[in-house]
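K.L.:
Below is the sequence, then the predicted model.
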Amino acid sequence: MKKLTFILIILLLFTGCSSNVETQKITGTMEEIAGSYVEDLENQNTEKLLNNYYYSEEMEKALNETVFNQIFIDLESKFGKWIETGTLSIVEKEAYSILTYRVTMEKNNINMNIVFDKDKNIAGLNYLPVLEEAISETEIKELEISFGNEPFILSGTLTIPKGDGPFPAVVLVHGSGPSDRDETVLENKPFRDIATYLTDNGIAVLRYDKRTFTYTKEIDIEHFTPYEETVEDAVLAYEYLSNNSYVSSENIYIIGHSFGGYLMPKIAKLTPNAAGYVLISAPVTPIEDLIITQFEYIFNLDNVVSEEEQSLLTTYKTYQENIHNINLESTLQHTELMGISKDYWLYLQSYTPQTEAKNINKPLLILNGERDYQVPITEFNNWKASLENNDNVTFISYPGLNHLLYLGEGTPSPDEYYTPGHVSKDLLIDVAEWINSN
């Protein structure tokens with residue numbers, strides 16, 4: 001089944017394994033198992049790969065000798081010979097652990113990702129080319145910083161342009177869900193791209209690890225709201241910059257991507273002294289309705305809605321109805337509300353961002369990609385219809401850009417997020433020029 005949230009890479013490209021041979025299985029820590037597994041991948045030892053490891057049920061069904069042979073052919077044709085297995089990194093995502101080896105290949109380096117479930121079964125395998133990072137063209141400083149209120153102190157990076165300053169500055173505010181300071185999606189790091197370009201052009205940038213990324217286990221899911229998820233920390237980041245000696249306190253801008261842009265009118269209300277605000281790929285449609293639209297779009301990409309997809313869609317439409325009818329007396333749990341608390345939805349219930357944005361009297365820049373299926377161009381048009389009479393607002397849309405602000409072509413789909421890229425330079429130029437002109 002096609003997936004709405006591409007971040008669930010735990011399902012990955014190849015799932016399953018089958019074999020009737022009884023052999024001694026590799027055991028130990030996940031690191032030990034992964035080390036043996038990647039060695040067998042390097043040596044193309046199909047027999048051991050099939051028989052010597054514990055797999056999830058899905059992996060058992062799908063992997064076979066033909067699949068592994070195809071992996072080896074694909075690796076060599078795209079990346080050349082395997083030269084050296086390098087460093088290991090580990091990322092925890094809900095009930096899964098992703099162990100990633102940086103592998104030096106003849107033509108291009110790759111990240112080899114081995115996914116384990118909570119029982120240390122191998123539940124996924126994929127490999128992605130290592131994306132060359134956006135390189136600064138000038139000398140900049142990168143400072144590791146922290147800010148916020150106990151118990152949710154956040155870590156971040158403040159990039160400082162070359163020169164004496166004080167500099168105009170930007171706070172980058174993430175989209176929905178757990179996200180690190182680079183807003184990493186697979187191999188893509190759009191916030192790092194934005195920070196690098198803006199800093200090269202004389203603008204300091206603060207990006208930070210989101211509260212839901214850093215404190216997943218500490219959050220009270222039944223009482224969590226968008227204020228705690230996004231608004232409060234964006235305001236605290238702005239206040240941190242206001243007291244930073246590198247920064248011109250009168251020239252601080254706040255940029256919100258996706259859900260961060262959706263909530264910008266609330267952030268703006270609490271940061272009235274900010275110099276301006278940028279909304280990128282920001283929706284106006286209520287989130288519970290937009291999620292249904294995204295499901296329907298993805299399920300219809302192949303022009304066939306399977307029974308499983310239809311069942312999931314029906315379930316989420318029930319959740320959608322629950323959210324529409326929720327009130328203070330409702331006893332519905334987060335499991336009946338798209339996995340999100342009643343308090344969360346009540347916070348957004350009467351919120352219309354395009355209406356509240358009319359009260360923003362500082363410069364406002366609204367941007368959207370025209371290939372964005374998550375926040376389609378119709379959302380941008382709704383912003384424009386609501387605010388086009390406000391002389392403080394600038395609107396720009398970009399043919400070819402998707403939700404990550406990367407250039408693409410053809411029918412947009414989650415698959416393209418697996419292709420490494422960089423934020424469009426045209427968009428970056430527009431943001432830098434707009435900030436510097438203000």
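P.N.:
Sure thing, it's come through. Keep in mind that this is a model prediction, so the values were computed, not measured.

K.L.:
From now on I want contacts and neighbour counts done on CA atoms only, so please keep to that.
P.N.:
Noted.

K.L.:
what's the helix or strand where Ala123 lies packed up against?
P.N.:
Assigned by DSSP states H and E, Ala123 belongs to strand 122-129. On a contact count with 3 or more C-alpha pairs under 8 Å, 6 or more residues apart in numbering; DSSP states H and E, strand 122-129 meets helix 57-62, strand 110-116.

K.L.:
Switch these over to JSON lines; also include distance to Gly202, mean neighbour count and mean pLDDT.
P.N.:
Compiled in JSON lines, the helices and strands packed on strand 122-129 are given as follows (distance: least, C-alpha to C-alpha, whole Å; neighbours: other C-alpha atoms under 10 Å; pLDDT from 0 to 100):
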{"stretch": "helix 57-62", "distance to Gly202": "50", "mean neighbour count": "16", "mean pLDDT": "83"}
{"stretch": "strand 110-116", "distance to Gly202": "33", "mean neighbour count": "24", "mean pLDDT": "90"}
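
K.L.:
Run me through the strand neighbours of the helix or strand following the strand holding Ala123, direction for each.
P.N.:
Tracing the chain C-terminally past strand 122-129 and defining elements by DSSP H and E, one meets strand 141-147 next. With DSSP bridges as the criterion, the sheet partners recorded for strand 141-147 are strand 154-160 (antiparallel).

K.L.:
if we can go back for a sec, would you mind giving the helices and strands packed on strand 122-129 as JSON lines with distance to Ala204 added?
P.N.:
Output for those, formatted as JSON lines (distance: least, C-alpha to C-alpha, whole Å):
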{"stretch": "helix 57-62", "distance to Ala204": "46"}
{"stretch": "strand 110-116", "distance to Ala204": "31"}
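
K.L.:
need the next SSE after the least confident helix or strand in the chain by mean pLDDT, C-terminal direction.
P.N.:
Taking mean pLDDT, DSSP states H and E as the measure, the chain has helix 57-62 as its least confident helix or strand, at a mean of 83. Using DSSP H and E, the helix or strand that follows helix 57-62 towards the C-terminus is helix 65-79.

K.L.:
Return the list of helices and strands in contact with that following helix.
P.N.:
helix 46-51.

K.L.:
again, only this time at 10 Å
P.N.:
In terms of contacts (3 or more C-alpha pairs under 10 Å, 6 or more residues apart in numbering; DSSP states H and E), helix 65-79 is packed against helix 30-42, helix 46-51, strand 96-105, strand 122-129.

K.L.:
Present the ones you listed as TSV; the columns should include distance to Asn436, mean neighbour count and mean pLDDT.
P.N.:
What follows is those, written out as TSV (distance: least, C-alpha to C-alpha, whole Å; neighbours: other C-alpha under 10 Å; pLDDT from 0 to 100):
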stretch	distance to Asn436	mean neighbour count	mean pLDDT
helix 30-42	48	17	94
helix 46-51	56	18	93
strand 96-105	39	21	89
strand 122-129	35	22	86
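
K.L.:
shaky segments in this structure?
P.N.:
For the chain, the stretches flagged by pLDDT under 70 are 1-23, 93-94, 131-139.

K.L.:
rerun at 80
P.N.:
1-23, 62, 91-95, 128-140 (pLDDT under 80).

K.L.:
any idea which helix is longest in it?
P.N.:
With DSSP state H setting the assignment, residue counts place helix 307-324 as the longest helix in the chain.
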